[in-house]
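Engineer: return atomic coordinates for the entry below.
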Amino acid sequence: MLVENKSKKHRIAREWILVLGSMFVLILSCNGRTVQDTRNPPIPGFPLRIEVPGVSENGIIDTALVEDETGKIWMSYSEVTFSAFAPKLILVQTRIAVSADDGVTWEDRGLIHRAESVTLPPPNQDAPAVWEQEVARLIFNPYAPASQRWQILWHRYLRIYDLDQDAAVPLFEHGWIAWKGAPAPGGPWLRERKLFSGSIYNEVNNSDALGEPEYRLDQLFPAGLGDCLVFTEPGALVTPEGPYISLKCPTGAEGGKIVLLRCTHNLQTCDYRGNFLSDKDASSLYNSQFNGFSASEMLR
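Structural biologist: As a prediction, this is how the structure comes out:
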């Protein structure tokens, strides 16, 4: 398996902050065993449990927060359910919620990307399959065209239920980082764009309604991104010059790295700006108890 399932990810031990010059701060989650940090005792009352009434009874994941011009906090997040046809087939779909009291309480504002059932071609037509929609990153960009002031990036990929193995299997070669824009968090959202893909992208997907990926990043920037099998877990930082986008790039047996792009505000042009960290760097933390980085976030 090229990228770990959510159910198999190591627990997040703590967040590390890396200062990159004077431009911005990158926050990364470190994968590994839980370590108690006695030097930084927890703040009373934290961490807070985020609950979205009517949605989060079974828990929510992949939360990403952004503040609008009125001070409200909006959150994209993943809702996890299970297929009625195959109980081991996890369904992940993206929702949006809002808080007017600094995150103390939340109100769900609906579904943005539904986990879509798929009928596979023969000989797999009897195997349940679904388009997963996860690790979304909601963005407020005041510099973008009015119809795209609100944007969202997420990882869409195919997961099937393997009847022989009695297990759900992700097929990341049938997947990409997708994008939508809207004038407001409530929509209407523009048509999905198939934005970024890696080296294992299967071109059979070019025949769907979305066509080819706009950025075959492994081909456009082979020196830096040619070893990226897929891209996932987008982060974003909006600046007047354009949004910066960070992505997790799994590279197979070697682990992976966090890479950086800078795009125009309408994402019509994107350039590769380098790598933040390699998973190999994580082994130097806490006596080699970490094995990688994921879920990057940037702050100015």
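
Engineer: can you check which strand is longest in this structure?
Structural biologist: strand 167-182 (DSSP state E).

Engineer: show me what it pairs with in its sheet, parallel or antiparallel.
Structural biologist: Paired neighbours of strand 167-182 in the sheet (DSSP bridges): strand 150-162 (antiparallel), strand 193-197 (antiparallel).

Engineer: all helices for the chain, in order.
Structural biologist: Applying DSSP state H to the chain gives helices spanning 217-220, 222-225.

Engineer: deepest of the ones you listed, which one?
Structural biologist: helix 217-220 (a mean of 19; mean count of other C-beta atoms under 10 Å). Bear in mind the C-beta positions are built from the backbone N, C-alpha and C, glycine included.

Engineer: ok, now which ones touch Ala178?
Structural biologist: Contacts of Ala178 were listed using C-beta atoms under 8 Å, 6 or more residues apart in numbering, and they are His113, Leu153, Trp154, His155, Arg156, Glu192, Arg193, Lys194, Leu195.

Engineer: now Glu221: how far from Phe196?
Structural biologist: One correction, residue 221 is Phe, not Glu. 11 Å (C-beta to C-beta, to the nearest Å).

Engineer: show me which of these two is the more surrounded one.
Structural biologist: Per other C-beta atoms under 10 Å, whichever of Phe221 and Phe196 has more neighbours is Phe196, with 30 against 18.

Engineer: partner residues bridging the more buried one?
Structural biologist: Ile177, Tyr215.

Engineer: among the strands paired with strand 167-182, which is nearest Arg137?
Structural biologist: strand 150-162 (4.8 Å; C-beta to C-beta).

Engineer: how many neighbouring residues does Ala97 have?
Structural biologist: Here the count is done by other C-beta under 10 Å, and Ala97 has 25 residues near it.

Engineer: point out where the protein drops to low pLDDT.
Structural biologist: Within the chain, the stretches with pLDDT under 70 are 1-47, 56, 286-288.
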